[in-house]
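J.: have a look at this prediction, sequence included:
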Number of protein chains: 2
Amino acid sequence: MQIKNSRSLNPPERILLGPGPSSVSNRALNALAKPTIGHMDSYFLKAMNETMQMLRYVYQTDNKLTLPMSGTGSAGMETVFVNLIEQGDKVIVCVNGLFGERMVDVANRYGAEVVTVSAPWGEPINPQDVSRALQDNPDSKLVAIVHAETSTGVNQPLKEISEMTHENDALLIADMVTSLGGIPVKVDELDVDIAYSGTQKCLSCPPGLSPVTANTRAEDVLNNRDDDISSWYLDLSMLSQYWGEDRFYHHTAPVNMVYGLHESLLQIVEQGLEECFTKHRVLGGALQKGLESMGFNCLVEKEFRLPQLTTVKVPDEINESKVRERLMQQYSIEIAGGLGDLEGKVWRIGLMGSSCTWRNVVSFLGALKEILIDLDTELPYEDGLEAAADYYKSTAQNDQL
Amino acid sequence: MQIKNSRSLNPPERILLGPGPSSVSNRALNALAKPTIGHMDSYFLKAMNETMQMLRYVYQTDNKLTLPMSGTGSAGMETVFVNLIEQGDKVIVCVNGLFGERMVDVANRYGAEVVTVSAPWGEPINPQDVSRALQDNPDSKLVAIVHAETSTGVNQPLKEISEMTHENDALLIADMVTSLGGIPVKVDELDVDIAYSGTQKCLSCPPGLSPVTANTRAEDVLNNRDDDISSWYLDLSMLSQYWGEDRFYHHTAPVNMVYGLHESLLQIVEQGLEECFTKHRVLGGALQKGLESMGFNCLVEKEFRLPQLTTVKVPDEINESKVRERLMQQYSIEIAGGLGDLEGKVWRIGLMGSSCTWRNVVSFLGALKEILIDLDTELPYEDGLEAAADYYKSTAQNDQL
């Protein structure tokens, strides 16, 4: 067989302002490159313990069962459903974006009877709709909801929905892929029973691991199943025996990816979680101010808008893919378009983790302005940078950034 | 929450001579640390294509559907079963070690009716037993077998079993986790329908990905299922739309792990696959000669012995775990003990990929001798190093190593 002239890769240095992956710090990249050791090596076991402890910190939980699954965020989604669902279980899934839809697909595949509660893409789920679904389906075992919808940028309030879920003796599943490390997730305070996330969003670790956390209520369901869970690879009971004190071999852990996650988490610990939240809030707010001042409208109402992921509507006058192409080619800046019905109609701009810097806000707004001028766009836009800077300076001062 | 004083990790530099992970070259480690880019970035799409092409090279196949799953080797095992099995399908699983047992577990979880064909741990599966099972179960859809049993070191001949499987219109699944890149796997020549592997064995990439390859016969089964496969994450039809020309987003690929795999494969391409096989054969043979000359007996008969993974019986006079502990503490060399019934009775010594060097053979045999002397072991062992060197020099000369 003939192999074409492959060479070592030299990936370009992008500014990653899409909905993930976000830019990874050199510290975390270098951690990936540290020598591989065995998955039962005492040094690695210690690193696993530290990683779990730091994951509890970012999840704002004391849950013992808190560990990274050996797959990306979607593996985390599958993990919670395959572990909790038994054939025929009734599950209420809230759908207001692509990842809600994906939860429906996954729950169906594992034999759940799915009841959906919907809201338009770009709007949050209305707790009253969940309440009605619970009344109509009092035998529901689970309520599943996306905390930060990556396809729209909606920040979903969880408190009321959590309360009504538990009043109904159901368990609450939350998709925290884009929220973890970016906004408060408060797993314990909000009484979320089981949550999953990804590493490539606000944790700014490369994609490949999915941190999962489960409280004792979820553990009880896990331990009292009638039959084996379908997935051997994602079996949380077996995995918790490897990550827990038993150290029972399950599969060979992705050692170097755990190094990377450890270092990413350490950077958050050093910075302080509250400081991380402030950073995302202030800089996300500045970006949104800037875009609005240029004449763009955000898809999501201010109250429910994520700071770390902004979705703006693109007016018909602008060729949205052309602008993204120019951003990439001329500035090596990545942002994303819309998914599903939003394709061609919005941009999704992430300021997550290491990507969330004032310099990136400035670079992006400046580049966008230049490209729009260059394309002879006839929008009556003002200077976004100035509005963003005003907001940043006033807010950052208050927040002592 | 109080975080204990976590610091950046500084893993020790081990010589990894267990059954995986093997030592990773600096080139591959450094590739992991290259800048993360988006999973839809045109540069990454090109890197994916090259990776697939190099995977075809090591799998010795032209199979279009050849890609790395975003999980470790066990995720690969689950991939083949979840994609090919429908509820109630009859599957013949060959069991002569832990990974055969795991296949039974996985196939059962996905609703297969499993027929097992067994051989004692340390012996190959007898094709006549498979033939009988096929005769007794002419409605079998799949025959699954481990090509290189990591728990015992058995090299399983596949030719006859492949022929009888196809005469019976069944498909052959092969676990090539420990064989890929170490011994010829000849997926096309042997007409293996679907195979999976891991990256942390003879490819010497860190654990985290599972290369899978499937021929058109397997693809047909995939495309003609009656129902959705249970697993969304491991759905090969959807994944092949992302890795293929459609570039349809499935999940965020583990970008940096793919960099690492690309570089590991590139090193094999540069060295040449045949040269890789020779290296494993000669150095594995030298290690086995050395151990035998010291008085140890291999678990597996010479004809069926893997060169890249040697299992030796540990006499009762030797405290096997004590020796492994000393190897680790005094020499930073990792080898493994036995699993299941072989626990406490054998050592498993890997010479895989980057770990497969003459220097490592010398280091290990020398360290082992020193430790045995130190522990006052009263075995009438000769000098293993000399025997190994004799073998190495004579064989390497013939093989022009």
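T.: Sure, I can see it. Numbers count the residues shown, from 1 in each chain, chains lettered A, B, ... in the order given.
J.: I figured residue A:202 hits residue A:177, correct?
T.: No: applying C-beta atoms under 8 Å as the test, residue A:202 and residue A:177 come out as separate, 9.4 Å apart. Using the backbone N, CA and C atoms, a C-beta is placed for each residue, glycine as well.
J.: what about the two, which has more around it?
T.: residue A:202 (36 against 30; other C-beta atoms under 10 Å in any protein chain shown).
J.: give me the distance between residue A:367 and residue B:44.
T.: Here residue A:367 is placed at a distance of 21 Å from residue B:44 (C-beta to C-beta, to the nearest Å).
J.: nearest to the spatial middle of chain A, which residue is it?
T.: Closest to where the C-alpha atoms of chain A average out (C-alpha atoms, centre = their mean) is residue A:178, at 1.7 Å.
J.: give me the three-state assignment for that residue.
T.: Secondary structure state of residue A:178, per DSSP: H, G, I helix; E, B strand; the rest coil, is coil.
J.: shouldn't it be in contact with residue A:20?
T.: Yes: between residue A:178 and residue A:20 there is a contact under C-beta under 8 Å: 7.0 Å.
J.: which residues do those two both contact?
T.: A:150, A:198, A:201, A:352 (C-beta atoms under 8 Å, 6 or more residues apart in numbering or on different chains).
J.: the closest residue to residue A:360 other than its chain neighbours bridge partners, please.
T.: Excluding the flanking residues, the one nearest residue A:360 by C-beta to C-beta, 6 or more residues apart in numbering or on different chains is residue A:15, at 5.8 Å. Counting by DSSP bridges, residue A:15 is bridged to residue A:333.
J.: please report the distance of residue A:15 from residue A:23.
T.: 7 Å.
J.: higher neighbour count, these two?
T.: Taking other C-beta under 10 Å, residue A:15 and residue A:23 do not tie; residue A:23 has more neighbours (24 against 21).
J.: part of a strand, is residue A:348?
T.: Yes: with three-state DSSP as the criterion, residue A:348 is part of a strand.
J.: ok, the closest residue to chain B within the stretch 301-401 of chain A - contacts?
T.: Going by C-beta to the nearest C-beta, chain B is nearest to residue A:334 of the stretch 301-401 of chain A, at 5.0 Å. For residue A:334, the contacting residues are A:14-18, A:327-328, B:37-38, B:41, by C-beta under 8 Å, 6+ apart.
J.: recalculate using a threshold of 7 Å.
T.: A:14, A:16-18, A:328, B:38, B:41 (C-beta atoms under 7 Å, 6 or more residues apart in numbering or on different chains).
J.: excluding its backbone neighbours, what's nearest residue A:163?
T.: Using C-beta to C-beta, 6+ apart, the nearest residue to residue A:163 is residue A:191, at 7.9 Å.
J.: scratch that, residue A:159
T.: residue A:190 (6.0 Å).
J.: next one: phi and psi at the one you found?
T.: phi -90, psi 0 (degrees, to the nearest 10).
J.: pretty sure it contacts residue A:162?
T.: Yes: using C-beta atoms under 7 Å, residue A:190 is in contact with residue A:162, at 5.2 Å.
J.: and the stretch 251-400 of chain A, which of its residues are near chain B?
T.: Within the stretch 251-400 of chain A, the positions near chain B by C-beta under 7 Å from any C-beta of the partner chain are A:251-257, A:259, A:262-263, A:266, A:269, A:334.
J.: who wins on neighbours among those?
T.: residue A:256 (32 neighbours).
J.: gap between the helix or strand harbouring it and the chain center?
T.: Taking DSSP states H and E as the definition, residue A:256 sits inside helix A:255-271. Centroid displacement of helix A:255-271 relative to its chain, using C-alpha atoms, centre = their mean, to the nearest Å, is 16 Å.
J.: hmm, who's touching it?
T.: A:25, A:27-28, A:31-32, A:34, A:36-37, A:39, A:44, A:47-48, A:50-51, A:54-55, A:57-58, A:68, A:181, A:199, A:203-206, A:208-209, A:276, B:3, B:6, B:8-9, B:21, B:32, B:206-208, B:257.
J.: if we can go back for a sec, and the pLDDT at the spatially closest residue to the residue nearest to the centre of chain A that is not a sequence neighbour?
T.: Using C-beta to C-beta, 6+ apart and skipping the chain neighbours, the partner closest in space to residue A:178 is residue A:148 (3.9 Å). According to the prediction, residue A:148 has pLDDT 98.
J.: before we move on, what about residue A:228?
T.: Reported pLDDT for residue A:228: 87.
J.: what about the residue nearest to it when sequence neighbours are not counted, how many neighbours?
T.: Closest residue in space to residue A:228, ignoring its immediate chain neighbours: residue B:109 at 5.4 Å, by C-beta to C-beta, 6+ apart. Residue B:109 sits with 21 neighbouring residues when counted by other C-beta under 10 Å.
J.: repeat that for residue A:233.
T.: 31.
J.: list the contacts for it?
T.: A:251, B:71, B:74-75, B:78.
J.: among the residues you listed, name the buried ones.
T.: Buried members of those, scored by 16 or more other C-beta atoms under 10 Å in any protein chain shown, are A:251, B:71, B:74-75, B:78.
J.: can I get those in JSON lines with secondary structure and distance to residue A:91?
T.: Formatted as JSON lines, the buried ones among the contacts of residue A:233 follow (DSSP: H, G, I helix; E, B strand; the rest coil; distance: C-beta to C-beta, whole Å):
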{"residue": "A:251", "secondary structure": "coil", "distance to residue A:91": "27"}
{"residue": "B:71", "secondary structure": "coil", "distance to residue A:91": "24"}
{"residue": "B:74", "secondary structure": "helix", "distance to residue A:91": "27"}
{"residue": "B:75", "secondary structure": "helix", "distance to residue A:91": "24"}
{"residue": "B:78", "secondary structure": "helix", "distance to residue A:91": "23"}
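J.: ok, so of the residues you listed, who is nearest residue B:154?
T.: residue B:74 (19.1 Å; C-beta to C-beta).
J.: what sits against that closest one?
T.: A:232-233, A:251 are the contacts of residue B:74 under C-beta under 7 Å, 6+ apart.
J.: kindly report the same for residue A:21.
T.: Contacts for residue A:21 (C-beta under 7 Å, 6+ apart) come out as A:200, A:206-207, B:36, B:38, B:252, B:255.
J.: out of the residues you listed, who's nearest residue A:97?
T.: For those, the nearest to residue A:97 is residue B:252 (15.9 Å; C-beta to C-beta).
J.: residue contacts, that closest one?
T.: Neighbouring residues of residue B:252 by C-beta under 7 Å, 6+ apart: A:20-21, A:72-73, A:200, A:207, B:39.
J.: check which helix or strand covers it.
T.: Using DSSP H and E, residue B:252 falls outside every helix and strand.
J.: nearest spatial neighbour of it, chain-adjacent residues omitted?
T.: Leaving aside its chain neighbours, residue B:252 sits nearest to residue A:207 (4.4 Å; criterion: C-beta to C-beta, 6+ apart).
J.: so that neighbour sits against residue A:72, correct?
T.: Yes: counting by C-beta under 7 Å, residue A:72 is a contact partner of residue A:207 at 5.1 Å.
J.: which neighbours do the two have in common?
T.: A:198, B:252, B:254.
J.: least confident of these?
T.: residue B:252 (94).
J.: tally of neighbours for the residue nearest to residue A:189 when sequence neighbours are not counted?
T.: Leaving aside its sequence neighbours, residue A:189 sits nearest to residue A:60 (C-beta to C-beta, 6+ apart; 7.0 Å). By the criterion of other C-beta under 10 Å, residue A:60 has 19 neighbours.
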